[in-house]
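Colleague: Show me the folded form of this:
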Amino acid sequence: MKNSKYKKILIPVLSVVLGLLVGALIMWVFGFDVVKGYSALLKGSLGKPFYIGETLRQATPLILVALGFAFASYAGFFNIGVAGQALVGWFASVATGLVLPDLPKIILLPLCIFMGMLAGAIWAGIAGYLKAYFNASEVIVTIMLNYTALHIVNYVIREILTEKSEITASIPEAASLRMQFLYQLTGKSTLHGGIFIAILAVFIVWLIMNKTTTGFELKTVGLNKHAAEYAGMSAKKTIILAMVISGALAGLGGVMEGLGTFQNAFASESLPSIGWDGMAVSLL
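Modeller: Residues are numbered from 1 along each chain as shown. Purely as a prediction, here's the structure:
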């Protein structure tokens, strides 16, 4: 048991150390100063309050998308669709703010966040349902849904929310996650209140996975679906639930970009990078 805990800590640490060593080797081979290179890396991310704020702001959606990917992994599923789920979450949160601009902040902001999570949950839930009832590969289904999401969002932005434009109007202040005290504290960085949501989400996911019956069932289904069914658990329900929660978390990651960083939605030829980067963070 202790060895298992040490292994969980040791593997990520060794991965980071190995990455730093490989980076140092590459810099050395091409004639760059390794010490200066890593010094610039540290100064650029943590050297000033502004840099710290920007680092935390960039980390916020990655934390949530990584949680979403990890949640599905606990149940034994490879949710490669977190990028598409983040995109629909981003779009839904911004669209809600633009459609209901006159609502007070105490109502509009939570509503926008909820709609973003709901969009991500529904998008992932499609793959979960197909996996549970038809044993369709979640990898293939979520890859297809990624690009379906991309083209639907692009169409709605260009043809419905705007008049042939590539970018929507900015959301109203009542829908924004930005906070004045964080702006001042971090030297006018774009850090927003989403960082607190991300921290809370980490705690909630830990609580679910380690202290609840739901978490136990998710892990059991992930280890052996047939044994879980023999023990009286509903594997189908657990599969769908795992994907729905995974998608909601990924969608919430997209919300951070829509309501926090960019304050709008825009058409794009590619999926948001937070999806792929979040997966990498989770695998670490």
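Colleague: tell me what the longest helix seen in the chain is packed against?
Modeller: When the chain is parsed with DSSP state H, its longest helix is helix 105-134. Packing partners of helix 105-134 (3 or more CB pairs under 8 Å, 6 or more residues apart in numbering; DSSP states H and E): helix 49-74, helix 82-99, helix 138-156, helix 235-255. For every residue, glycine as well, the C-beta is placed using N, CA and C.
Colleague: Try it again at 6 Å.
Modeller: helix 82-99, helix 138-156, helix 235-255 (3 or more CB pairs under 6 Å, 6 or more residues apart in numbering; DSSP states H and E).
Colleague: distance of the nearest residue to residue 105 once chain neighbours are set aside from residue 101?
Modeller: Once flanking residues are discounted, residue 105 sits nearest to residue 174: 4.0 Å by CB to CB, 6 or more residues apart in numbering. Using CB to CB, to the nearest Å, we find residue 174 at a distance of 7 Å from residue 101.
Colleague: likewise residue 226?
Modeller: 51 Å.
Colleague: same deal with residue 25?
Modeller: Distance from residue 25 to residue 101, by CB to CB: 53 Å.
Colleague: who has more neighbours, these two?
Modeller: residue 101 (14 against 11; other CB atoms under 10 Å).
Colleague: So the more buried one lies in a strand, does it not?
Modeller: No. Under DSSP: H, G, I helix; E, B strand; the rest coil, residue 101 falls outside any strand and is assigned coil.
Colleague: pretty sure it contacts residue 170?
Modeller: No. The pair residue 101 / residue 170 is not scored as a contact, 10.4 Å apart, by CB atoms under 6 Å.
Colleague: buried sites along the longest helix of the chain?
Modeller: 108-109, 111-132 (16 or more other CB atoms under 10 Å).
Colleague: Check stretch 149-164 too.
Modeller: For stretch 149-164, using 16+ other CB under 10 Å, the buried residues are 149-150, 153-154, 156-157, 161-162.
Colleague: So which residues lie in contact with stretch 144-159, not counting its own?
Modeller: 81, 83-84, 87-88, 91, 164, 267, 271 (CB atoms under 6 Å, 6 or more residues apart in numbering).
Colleague: What distance do you get for residue 251 to residue 145?
Modeller: Residue 251 is 13 Å from residue 145, by CB to CB.
Colleague: how's this protein carved up into domains?
Modeller: For the chain, automatic domain parsing gives the domain ranges 1-46, 48-283.
Colleague: where does the stretch 151-284 of the chain dip in pLDDT?
Modeller: Along the stretch 151-284 of the chain, no part satisfies pLDDT under 70.
Colleague: What are the boundaries of the helices in it?
Modeller: 180-185, 194-211, 213-223, 225-230, 235-255, 273-283 (DSSP state H, counting those that start in this stretch).
Colleague: Out of the ones you listed, which one sits most buried?
Modeller: Across the helices of the stretch 151-284 of the chain, averaging neighbours per residue (mean count of other CB atoms under 10 Å) puts helix 235-255 on top, at a mean of 28.
Colleague: so what secondary structure elements neighbour that helix?
Modeller: helix 49-74, helix 82-99, helix 105-134, helix 213-223, helix 225-230.
Colleague: change it to 8 Å
Modeller: helix 49-74, helix 82-99, helix 105-134, helix 194-211, helix 213-223, helix 225-230, helix 273-283.
Colleague: what angle do the second one and helix 105-134 make?
Modeller: Between the direction of helix 82-99 and that of helix 105-134, the angle (axes from the mean of the first three to the mean of the last three CA atoms, to 10 degrees) works out to 140 degrees.
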